[in-house]
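> build me a structure from this.
(2 chains)
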Amino acid sequence: MFDIRAIRENPAAFDAGLKRRGLEPLSAGLIAKDEELRAIKTRLQEAQARRNSASKEIGKAKASKDEALASTLMAEVAALKDQLQAGEDKQRDLEAALERELAVLPNIPLADVPEGKDETANVEVRRWGDPKTMPAASLNKPKQHFEIGEALGLMDFEAAARMSGARFVVLKGQLARLERALAMFMLDIHTGEFGYTECQVPLLVRDQAMYGTAQLPKFEEDLFQTTGENRFWLIPTAEVSLTNLAREQIIDEAALPLRYTAWSPCFRSEAGAAGRDTRGMIRQHQFSKVELVSITTPDKSLAEHERMTNCAETILKRLGLPHRTIVLCTGDMGFSAQKTYDLEVWLPGQDAYREISSCSVCGDFQARRMGARFRPAGGKGTEFVHTLNGSGLAVGRTLIAVLENYQQVDGSVLIPEPLRPYMGGLERISKP
RNA sequence: GGAUGGGUGGCCGAGUGGUUUAAGGCAGCGGUCUUGAAAACCGCCGUGGGUUCACGCCCACCGGGGGUUCGAAUCCCUCCCCAUCCGCCA
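Numbers count the residues shown, from 1 in each chain, chains lettered A, B, ... in the order given. As a prediction, the model looks like this:
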């Protein structure tokens, strides 16, 4: 969400930002509405001021028993009433209209974000690890994760489909444990080494929380919602719950940055993804993810973004998974982001790099929607915080990456060294 | 599911129709005092809008909306939210 005052002060910069997002200039229309709104406020307040002073005079007139003066004044106030009513209605309508228009505008990319229409314009910034050194490289044709999992008898899409339909899976035995092990491994690093505070958060939230992180009002079709009297949205990511920890709060600058992490299920309708990634666990209606959220001051958010991205990369490195880091171009970034790094892990079964994490800095875009502020040390007043979120990592996709990269000729899967303590010392997953 | 209480500035909290400004306190900021600090004292201390060269002045906002009234934080209606008790339940 943008500050209309900022648009008013620098409309050219605003329109230039929209253009980078592929949008037409909007500042003229927004400013016209804002001017109309402020003109109405001015007229309204003149009438209000007169009504207030007249009302006070009525009080005095009545006190001094001057009934003639009192009734003259009362007639005047009565005449003002219609004018006030109309003005108030108009003001409310205009304010709501302006808010509606602003609420559906995406955040503006930072200057160093590469220009581009779609993912083909994304830019690789670094690459780590060599796929050729992985066990899967010794195979003629590395298998895809679902072939490996099904052959092990530990991954069952049919059973899931019988109860829930497409885009669900049942993991069993050591694969189910692997999912848990990965999550615990990630949480232990983020909390123990990187200073994130582990949270257990609501998975069902109200409209206002979804509005705060900007899933609403524009992306309702991507979400699941409960039925009944009390309707809740199912979170598509713990970013929603963790970022909303700061909503309507005023935080002392000394307490910043706040760093939160949570391992949570995520629910996505995948409404626009029909036909994409239909096989396997890549794209599910339900998956688990370890999420990272930071709340910072404006001057620290860019450094925090690099730090957060590094935290996510660290997980991939420790697991020995080859990956690359790319910066998303203006046309491929999410709605709330100013800048986004995606981490893509190597999947030998697909012979491709696939997204496993997305780390975004949002500036004050979400904070303004949530009313999340901080009190500058030694200063007056409050300012909006900056918010960041990133996956650290998507657990389901990490499981896929482990299966595909560590698969063996005999169909078993080696367990990366650092995960073994979380697997009770197990070195290899074989057919039970 | 049944019953009740409540929503006022960063926080606590007074305010049941006006003539005096949402009192007072806490926290915060600045100052006086002090070797330094504490204490004490003084001052400042919500958001948005309008106006002004500026100092300032004016208006709105007491959960949202509607209504009554010359005038509403205060009375009425409605919606949202929070809490407590009872019942049921992991």
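
> in the stretch 51-200 of chain A, where is pLDDT below threshold?
Within the stretch 51-200 of chain A, the set of residues satisfying pLDDT under 70 comprises A:56, A:59-67.

> which positions within stretch A:352-370 qualify as buried?
For stretch A:352-370, the neighbour count (16 or more other C-beta atoms under 10 Å) marks A:353-354, A:356-370 as buried. Every residue, glycine included, has its C-beta placed from N, CA and C.

> quick check: phi and psi at A:A238.
phi -70, psi -10 (degrees, to the nearest 10).

> mind listing what A:D299 touches?
For A:D299, the contact set (C-beta atoms under 8 Å, 6 or more residues apart in numbering) is empty.

> let's see that with 10 Å instead.
A:H386 (C-beta atoms under 10 Å, 6 or more residues apart in numbering).

> just to be sure, it is in a strand?
No. Under DSSP: H, G, I helix; E, B strand; the rest coil, A:D299 falls outside any strand and is assigned helix.

> per the record, what domains does chain A have?
Split into domains by automatic domain parsing, chain A comes to A:4-103, A:119-429.

> just name the most buried of those.
Using mean count of other C-beta atoms under 10 Å, the stretch among the domains of chain A with the largest mean neighbour count is domain A:119-429, at a mean of 19.

> what residues does the stretch 1-150 of chain A put near RNA strand B?
A:5, A:38, A:41-42, A:44-45, A:48-49, A:51-56, A:58-60, A:62-63, A:74, A:77-78, A:81, A:85, A:88-89, A:92 (C-beta under 7 Å from any atom of the strand).

> tell me where chain A has helices.
Along chain A, counting by DSSP state H, helices occupy A:4-9, A:11-20, A:27-63, A:67-103, A:145-152, A:157-164, A:173-192, A:207-212, A:239-243, A:301-318, A:365-370, A:395-405.

> now render those helices as a markdown table, adding distance to A:Y341.
Formatted as a markdown table, the helices of chain A follow (distance: least, C-beta to C-beta, whole Å):
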| stretch | distance to A:Y341 |
| --- | --- |
| helix A:4-9 | 26 |
| helix A:11-20 | 18 |
| helix A:27-63 | 29 |
| helix A:67-103 | 26 |
| helix A:145-152 | 24 |
| helix A:157-164 | 31 |
| helix A:173-192 | 17 |
| helix A:207-212 | 23 |
| helix A:239-243 | 15 |
| helix A:301-318 | 5 |
| helix A:365-370 | 17 |
| helix A:395-405 | 16 |
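
> nearest to A:E119, of those helices?
A:E119 lies closest to helix A:11-20 among the helices of chain A, at 15.9 Å (C-beta to C-beta).

> who does that closest one touch, helix- and strand-wise?
helix A:4-9, helix A:27-63 (3 or more C-beta pairs under 10 Å, 6 or more residues apart in numbering; DSSP states H and E).
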